[in-house]
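> Have a look at this prediction, sequence included:
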Amino acid sequence: MTNKNDDLFTAVIHAGQHPDPLFRGVSVPIYQSSTFAFESAEQGAALFQGREEGYIYTRIGNPTTKALEDCVAILEKGYGGLATASGMAAISTTYLALLDRDSHLISTDAVYGPSRTVVENELSRFGVQADFIDTSDIEKIKKSLRPNTRVLFVETPANPTIVLTDIRACAALAKEKGITLVVDNTFSSPILQNPLELGADVVIHSLTKFLNGHSDVVGGMIVAREESLFKRLRKVLTLMGGTIDPHQAWLVLRGVKTLALRVEKSQDNAMKLARFLEAHPEVRWVNYPGLESHPQHALAKLQMKGFGSMLCFGLKGGFEAGRKMINAVKLCTLAVSLGGVESLIQHPASMTHAGVSEEEREAAGISDDLIRLSVGCEGYGDLREDLDQALNQAK
Ligand SMILES: *Cc1c(COP(=O)(O)O)cnc(C)c1O
C-alpha cells in the first residue's frame, strides 16, 4: 500500500538538493562565503541587472540557503521559499512586505505571542491597525473586515490551545475581498498540512521547530504561492536583512532529511499518549485534534494529513498540580519551544505566562490547569511511564 505522504518522504531527502558540481559531494556543501567573485565586469553587470542567474552576496542569495529554500518550497508546493534568521524574521518580513501605512490586519487571537506584540507595539507606530480574534469562527472574521484590511494571518492549530481555523473558508473569503491570506504552519510542518494547496497565499514556518527538529538551530521560512508575491517578499527580506546564515541553513537542511520519519513517530506517540491521558484519573480534559472529543476533529481530518504531536491537557488538581507535575517529570524536559526529537513539557500558568493576569490568561484560553506537551520521538512506553509517575506525584 502506498502511504499518502510517499512523495513527501522522498522530497525531504532529495528536493532542491543536488551533488555538488565541483567534487560530486553527496551532501550539499556549506558555501561559507559572504561574497562571490565575478568573472568580469560584464558578468558582474549582468548579475546585478538580473540578465544572468548567479550569486553576488550572501544577504541576497547563497547556494546552501537556496537548496533549503527550494526543498521547503517543494514540500509546501509553492513557487519559491525565502529562508530567514528566525521564525520572527519570516513573520516581520511578511508584515512589512504586505502591510501599508494605516492598513489593517486580522489575526488569530491565540497566535504565537511575538507575532501579536510586533504588530501592537511596533507596527502600530506606522499606523497599522489590527484585530486579534477567534479565527475558528468565519463569521467573526467577516465582522472584523474593514475597507483597509490587507492581510488575514492565521495560525492553525494555534498555540497552546490547539484551536483550528478553517483554511479553505479563509482562502475563499480572502480571495473575494482581495486580501492576502498568510498561514503560520509551524505546528503541522509541511508533512501534515499544506496551506497553499488549500488556497492560502503565503506560508510561514519557524524552522526552529519541526523542520530542523533537533532543538539546536533558530531559523524561519516564508513560502509564496505565486511569483509576484515571492518577488515582493524577497525584495523586502534582502533589503531589511533578516537572511539566514549558510551554516545555519545547512544544519536545517540536515534536519529536514528526517522530518517525515520524525513526524510519523512523534504523532504516533502523541495519539497513544492522548488516549492514555484521557483515561487517567488525575486528568480532567485532553485537547488533541486526533481525539473524537476534540470539537474540531472533523475539520482536522479535512485539512490535515495527520494530527501532529502537540497536545495539551488539564489536571484535576488545577494550578498547584500543574506546578508539581512539571517538577516531577524525569524523561520529558521542562522547556519552551516544540517540534524537537525530545519531548518538551511546560505549564504556562506557572512558567511562560506567570507574569500575565489570570483574566488575560483566561481570555487567551490558557487555564491554570493547562499543561502543554510537545511529544518527541522517544519510546512510547517510556513517555507513558514518565507522565504516569509525574501525574501520580501531582495528586
Ligand atoms: C516559535 C514560533 C514562531 C517564532 O519562531 P522563532 O524561530 O522562535 O523566531 C512563530 N510561530 C510559531 C507558531 C512558533 O511556534
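It's in. Bear in mind that the values here come from a model prediction, so they are computed numbers and not experimental data.
> Put the alpha carbons of the worst-scoring helix or strand of the chain on mean pLDDT into CSV.
For the chain, counting by mean pLDDT, DSSP states H and E, helix 358-363 ranks last in confidence among helices and strands (a mean of 81). Extracted in CSV, the C-alpha atoms of helix 358-363 (Å, rounded to 0.1, in the frame of the first residue of the first chain):
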residue,chain,number,x,y,z
GLU,A,358,-5.5,35.4,35.3
GLU,A,359,-8.1,37.3,33.3
GLU,A,360,-5.7,37.8,30.3
ARG,A,361,-4.7,34.1,30.5
GLU,A,362,-8.3,33.0,30.6
ALA,A,363,-9.1,35.3,27.6
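> In PDB, could you pull the C-alpha coordinates for whichever helix or strand comes after that helix?
As assigned by DSSP states H and E, the chain's next helix or strand after helix 358-363 is strand 370-374. Only the C-alpha atoms of strand 370-374 are listed here, as PDB (Å, rounded to 0.1, in the frame of the first residue of the first chain):
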ATOM      1  CA  LEU A 370      -3.200  23.600  31.300                       C
ATOM      2  CA  ILE A 371      -0.100  21.500  30.600                       C
ATOM      3  CA  ARG A 372       1.400  21.700  27.100                       C
ATOM      4  CA  LEU A 373       3.300  18.800  25.700                       C
ATOM      5  CA  SER A 374       5.400  18.700  22.500                       C
END
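> and strand 370-374, average pLDDT?
For strand 370-374, mean pLDDT rounds to 95.
> What is whichever helix or strand comes after that strand packed up against?
For strand 370-374, the following helix or strand on the C-terminal side (DSSP H and E) is helix 380-393. Contacts defined by 3 or more C-beta pairs under 8 Å, 6 or more residues apart in numbering; DSSP states H and E place helix 380-393 against helix 259-278, helix 318-328. Where C-beta positions appear, they are placed from N, C-alpha and C, glycine not excepted.
> Which of the three states applies to the residue nearest to residue 16 when sequence neighbours are not counted?
What sits nearest to residue 16 in space, not counting adjacent residues and going by C-beta to C-beta, 6 or more residues apart in numbering, is residue 70, at 2.8 Å. Look at residue 70: counting by DSSP: H, G, I helix; E, B strand; the rest coil, its state is helix.
> just checking, residue 368 touches residue 358?
Yes - assessed by C-beta atoms under 8 Å, residue 368 is found in contact with residue 358 at 7.2 Å.
> Compare those two (neighbour count), which wins?
Taking neighbours as other C-beta atoms under 10 Å, residue 368 and residue 358 compare with residue 368 leading, 20 against 13.
> how close does the more buried one sit to residue 274?
Distance of residue 368 to residue 274, computed by C-beta to C-beta, to the nearest Å: 21 Å.
> now do residue 360
From residue 360 to residue 274 the distance is 28 Å (C-beta to C-beta).
> Check residue 169 too.
Per C-beta to C-beta, residue 169 is found 26 Å from residue 274.
> Same question for residue 177.
Distance of residue 177 to residue 274, computed by C-beta to C-beta: 37 Å.
> Comparing those two, which residue is more hemmed in?
residue 274 (24 against 14).
> Report the contact partners of that one.
If you count contacts by C-beta atoms under 8 Å, 6 or more residues apart in numbering, residue 274 has them with 286, 288, 290, 291, 311.
> Repeat that for residue 89.
The contact partners of residue 89, taken as C-beta under 8 Å, 6+ apart, are 220, 242.
> Offset the numbering so it begins at 286, please.
In the new numbering, first residue 286, that becomes residue 374.
> Say whether the ligand is contacted by the helix or strand harbouring it.
Residue 374 is part of helix 372-383 when elements are defined by DSSP H and E. Yes - using C-beta under 6 Å from any ligand atom, helix 372-383 comes into contact with the ligand via 372, 373.
> can you give me the mean pLDDT across that helix?
The average pLDDT within helix 372-383 is 98.
> how distant is it from the center of its chain?
For helix 372-383, the separation from the chain centroid amounts to 13 Å (computed by C-alpha atoms, centre = their mean, to the nearest Å).
> With only the CA atoms kept, save that helix in CSV.
Extracted as CSV, the C-alpha positions of helix 372-383 are listed here (Å, rounded to 0.1, in the frame of the first residue of the first chain):
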residue,chain,number,x,y,z
GLY,A,372,10.6,32.5,12.5
MET,A,373,10.0,36.0,13.7
ALA,A,374,12.2,37.4,10.9
ALA,A,375,9.9,35.5,8.5
ILE,A,376,6.8,37.0,10.2
SER,A,377,8.1,40.6,10.4
THR,A,378,9.3,40.5,6.8
THR,A,379,5.9,39.3,5.7
TYR,A,380,4.1,42.0,7.7
LEU,A,381,6.4,44.7,6.3
ALA,A,382,6.0,43.5,2.7
LEU,A,383,2.2,43.2,2.8
